[in-house]
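>>> Here is my input, please return the structure:
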Amino acid sequence: MSGQAFPPEEFDRLAAEHVLGLLDAPEETLAERLLASDPEFRARVEDWRQRFAELDSTAMPVEAPETLLARISATLDAAPAAPDLPPAVDRARTEAFAPTSASSASGPAALPARPPLPAPPLVPDPASALSALWRSLRFWRFAGFAGAAASVLLVAGIVLGPLGRAPAPTFVAVLMGPQGQPAAVVNAFADGTAELIPIQNIDVPEDRALEVWTLWDPARGPVSIGLSDRTRTIRLNLRDLPRTAPNQLFEISLEPRAGSPTGRPTGPVLMKGTTSLAL
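Sure thing, here's the model as predicted:
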């Protein structure tokens, strides 16, 4: 717009929040104009409609208590502010909403031509997308039909689950930190592989590492399935273990840099969660 393209993540956010009905009036006006004129934006909106189809067809809306929303709002106010949009994007959005003198006299102006965008992933940074939704009061008002954990799990399956580009996970586990906020997501696939996607950053001392564990049988005890010296997305190998099942525990502990010397967690458990069937 005005010769400037949207960053991919901003373009996706606009499409996703349009589908959810979360946009304010100016952004909804922009979304409607893009739908009428931009094939790429229409494709993004359709992609998000497919992603949210399960929620749309099964969720029974229930109004969340105002006391709960007030507590959520207070928590969001205390969270770090989201970074400002790049000046070019902010300027483009302002110009898009401001009528020209010609439009005032003869009706709405035509949408300025926008250079074609490259074809980025549907969610360029899935961890950021989930984290942003978690901090969005508009999302919490929309998600008032369910408890917090169920809402996070639903969005984790929708946002982080691939759509038509790779096999979808069969199980998803949202690992919760000590403050009750989602810290990471584990996607488990039918071929015995899994991936850990961090949401919260953890400062790891130089002589320590993050070790990932899973527990499917208390009699067997936890089994190490991954080790990382920093917070990052890693692949996990479950092929030599029994098939992933519902309510299987995944957790991350802080261990010596080479891993636990005992084959069991020895340091503090930083986050944990159990699996549910992916949507």
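>>> Neighbours of the residue nearest to residue 204 when sequence neighbours are not counted, how many?
Excluding the flanking residues, the one nearest residue 204 by C-beta to C-beta, 6 or more residues apart in numbering is residue 230, at 5.5 Å. No exception for glycine: its C-beta is placed from N, CA and C like everyone else's. When neighbours are defined as other C-beta atoms under 10 Å, residue 230 has 12 of them.
>>> Next: residue 9.
For residue 9, the neighbour count with other C-beta under 10 Å is 15.
>>> ok, now residue 274?
Residues lying near residue 274 (other C-beta under 10 Å) number 17.
>>> and what of residue 214?
23.
>>> Am I right that it is in a strand?
Yes. When classified by DSSP: H, G, I helix; E, B strand; the rest coil, residue 214 is found to be part of a strand.
>>> what is it paired to in the beta sheet?
Beta-bridge pairing for residue 214 (DSSP bridges): residue 223, residue 250.
>>> isn't it right up against residue 223?
Yes. Counting by C-beta atoms under 8 Å, residue 223 is a contact partner of residue 214 at 5.8 Å.
>>> which neighbours do these two share?
By C-beta atoms under 8 Å, 6 or more residues apart in numbering, residue 214 and residue 223 have these common neighbours: residue 241.
>>> quick one: the residue nearest to residue 204 and residue 205 touch, right?
No. Counting by C-beta under 8 Å, residue 230 stays clear of residue 205, with 10.7 Å between them.
>>> how much space between the residue nearest to residue 204 and residue 189?
The gap separating residue 230 from residue 189 is 24 Å, by C-beta to C-beta, to the nearest Å.
>>> swap in residue 169?
According to C-beta to C-beta, residue 169 and residue 189 sit 5 Å apart.
>>> neighbour-wise, which of those two wins?
A direct count of neighbours by other C-beta under 10 Å for residue 169 and residue 189 places residue 169 higher, at 26 against 18.
>>> now that one: how far from residue 251?
18 Å.
>>> do the same with residue 38
Taking C-beta to C-beta as the measure, residue 38 falls 44 Å from residue 251.
>>> cool, and residue 236?
Taken as C-beta to C-beta, the span from residue 236 to residue 251 is 12 Å.
>>> Now the common contact residues for those two.
Common contacts of residue 236 and residue 251 (C-beta under 8 Å, 6+ apart): residue 212.
>>> just the strands in the chain please.
Listed in chain order, the strands of the chain (DSSP state E) span residues 171-176, 182-188, 193-198, 208-215, 223-228, 234-237, 249-256, 269-277.
>>> any chance of the ones you listed in CSV, plus distance to residue 25?
Listed next are the strands of the chain as CSV, based on distance: least, C-beta to C-beta, whole Å:
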stretch, distance to residue 25
strand 171-176, 33
strand 182-188, 31
strand 193-198, 34
strand 208-215, 44
strand 223-228, 44
strand 234-237, 42
strand 249-256, 42
strand 269-277, 37
